[in-house]
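1. output the structure for:
(chains A and B)
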Amino acid sequence: MGKVIILNGSPRAPKSNSKMYSEIFVKKFKDNCDYFNINNRNHEQLIKTIKDNNYSDLVFAFPLYADAVPVGLLKFLKELEKANIENRPTISIMINCGFYEPKQNDIAIRIMKVFAKKTGYKYGSTLKIASGEGTPSTFFKYFLFRKIKKFAISIRNKKYQDFVYTMPISRKLFLKASTIYWTRYGKRNGISKKEMSTMLIEDK
Amino acid sequence: MKLVLCDKEFDFIKSEKDINYFNLSAMKISNCVGCFGCWTKTPGKCVIRDEAVKIYPLIAQSEKVLYISHIVYGSYDVALKTMFERAIPIQQAFIRILDNETHHVQRNVIEKDATIIGYGNISDEEKEIFKELVSRNAKNMNFKKYNVIFATIENVDEIVKKEFEKWEK
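-> Numbering: from 1, shown residues only, chains lettered A, B, ... in the order given. Predicted coordinates:
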């Protein structure tokens, strides 16, 4: 078994779903997996860690942001491209979006694959998660956790594969579930559904 | 109203009465922190009160937009990408179905004609990815129609000048 590093590219990394999913992933590797959040100040340190540890695999866990890769991760990729890393790990991706359709992640995955190709990294497995925002608060999380474990095993065994998860319900039901999810989210902040539905931007 | 967002200075473009021009690389705009505040705490308003706050209402109100960005790995480079991520207050948390896909409900965002110029040393594969990215943006940014144009570092000024002259009419 090789040694794996998992980097969380979520802008809210310490409180993110990407972190929760990474923790499930890490369990499959026991002591052979290091986990770090990416932030604007730790690029140099993370690159040094990659250089010093001779990892076999590098996993990026991140959410879809504005149809693509979050800008914090994009900045890190640009730094990683400049770094002179001798033994380049194989890159795998665990991406999640809040939409129902897993294919909404496809552009971000292609961006990551182009990065790998351009910079001389091999590409490994992909886990494409949809309805990733709402799933952890439902029973369906166990379906997702099973996919994360399979994704981890594919990397552990170097039998790279693609995996897909979305909530196993109809799109119509998803729509209802997401409305309930967000309404409750607002309520916890003292904001009503009507207030959340305002059409005003900056009060205009 | 028209809006130009770019990541380098074009001295032939100026803000005029109905054109708003911003060189984002010269502005201080922080990353979105993913707090969902603009959806669930102060709907329609970002909790980070920096210069992005004056730009996203203009994104919503403009019927013509010209976006000029360096391209990296088939994506907008940092300046434009940062701004687009900070523009989510113009959407609601709630989801709707559009073209048989789930997307966020837009607040008062008018339909727009978009011209997007991507520049740099861009491979054919990156161009394909970028075109697809813009087609995804079209659904989430309310583009009625859009045109994607590519330029090199060497000819970007010339191409932007030509396109800007057509676009401002």
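
2. tell me where the model's unsure across chain A.
-> Under the criterion pLDDT under 70, no range of chain A is flagged.

3. by contact count, what packs against the lengthiest helix in chain A?
-> Secondary structure of chain A per DSSP state H: the longest helix is helix A:171-188. Applying 3 or more Cβ pairs under 8 Å, 6 or more residues apart in numbering or on different chains; DSSP states H and E, one finds that helix A:171-188 contacts helix A:193-196, helix B:37-40, strand B:91-98, strand B:101-106. The way it works is simple: take the backbone N, C-alpha and C, and place the C-beta from them, glycine included.

4. the second one and chain A in contact?
-> It stands for helix B:37-40. Yes - Helix B:37-40 reaches chain A (Cβ under 8 Å from any Cβ of the partner chain) through B:39, B:40.

5. pLDDT averaged over that helix, what's the number?
-> Helix B:37-40 shows a mean pLDDT of 97.

6. give me the neighbour count for residue 31.
-> Because you didn't say which chain, this covers chain A. Number of residues near residue A:31 (other Cβ atoms under 10 Å in any protein chain shown) recorded here: 7.

7. if you could check chain B rather than the one you did, that'd help
-> Neighbour tally, residue B:31, other Cβ under 10 Å: 20.

8. give me the secondary structure label for it.
-> What DSSP: H, G, I helix; E, B strand; the rest coil gives for residue B:31 is coil.

9. give the contact list for it.
-> Contacts for residue B:31 (Cβ atoms under 8 Å, 6 or more residues apart in numbering or on different chains) come out as A:11, A:40, A:71, A:72, B:82, B:85, B:86.

10. please redo it, this time with the cut-off set to 6 Å
-> A:11, A:71, A:72, B:82 (Cβ atoms under 6 Å, 6 or more residues apart in numbering or on different chains).

11. and residue B:46, by the same measure?
-> B:38, B:89.

12. ranges for the helices of chain B?
-> Under DSSP H, chain B gives helices at B:37-40, B:52-61, B:78-86, B:124-140, B:156-167.

13. does chain A sit close to the third one?
-> Yep, that's helix B:78-86 we're talking about. Yes - Helix B:78-86 comes into contact with chain A (Cβ under 6 Å from any Cβ of the partner chain), by way of B:78, B:81, B:82, B:84, B:85.

14. the last one contacts residue B:32, doesn't it?
-> Yes - using Cβ atoms under 6 Å, residue B:85 is in contact with residue B:32, at 4.1 Å.

15. more neighbours, those two?
-> Using other Cβ under 10 Å as the criterion, residue B:85 and residue B:32 rank with residue B:32 on top: 26 against 21.

16. wait, the more buried one sits on residue B:86?
-> Yes - if you go by Cβ under 6 Å, residue B:32 and residue B:86 touch, sitting 5.2 Å apart.

17. how about the residues of chain A by chain B?
-> A:11-12, A:65-68, A:71-72, A:75, A:99-101, A:107, A:110-111, A:114-115, A:175, A:178-179, A:182, A:185-186, A:189, A:191, A:195-196, A:198-202.

18. if we can go back for a sec, which stretch among the helices and strands packed on helix A:171-188 comes nearest residue A:120?
-> In terms of Cβ to Cβ, the element of the helices and strands packed on helix A:171-188 nearest to residue A:120 is strand B:101-106, at 34.9 Å.

19. how about the closest one: buried residues?
-> Buried residues in strand B:101-106, defined by neighbour count with 16 or more other Cβ atoms under 10 Å in any protein chain shown: B:101, B:102, B:103, B:104, B:106.

20. which one of those residues sits closest to chain A?
-> residue B:102 (4.4 Å; Cβ to the nearest Cβ).

21. ok so, going back, now the residues of helix B:78-86 next to chain A as a markdown table including distance to residue B:147 and pLDDT?
-> Listed next are the residues of helix B:78-86 next to chain A as a markdown table, based on distance: Cβ to Cβ, whole Å; pLDDT from 0 to 100:
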| residue | distance to residue B:147 | pLDDT |
| --- | --- | --- |
| B:78 | 23 | 98 |
| B:81 | 20 | 98 |
| B:82 | 23 | 98 |
| B:84 | 18 | 98 |
| B:85 | 23 | 98 |
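
22. redo the helices of chain B as TSV? Include distance to residue A:150.
-> Converted to TSV, those look like this (distance: least, Cβ to Cβ, whole Å):
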stretch	distance to residue A:150
helix B:37-40	32
helix B:52-61	40
helix B:78-86	31
helix B:124-140	27
helix B:156-167	45
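
23. residues near residue B:169, how many?
-> 5.

24. what's the distance between it and chain A?
-> To chain A, residue B:169 is 28 Å away according to Cβ to the nearest Cβ, to the nearest Å.

25. quick one: contacts for that residue?
-> Not one residue lies near residue B:169 by Cβ under 6 Å, 6+ apart.

26. which residues touch residue A:57?
-> Counted by Cβ under 6 Å, 6+ apart, residue A:57 has contacts A:2, A:4, A:89, A:90, A:155.

27. return the backbone torsion pair for it.
-> phi -140, psi 140 (degrees, to the nearest 10).

28. chain neighbours aside, what residue packs nearest to it?
-> Spatial nearest neighbour of residue A:57, chain neighbours left out: residue A:4 (4.5 Å); criterion: Cβ to Cβ, 6 or more residues apart in numbering or on different chains.
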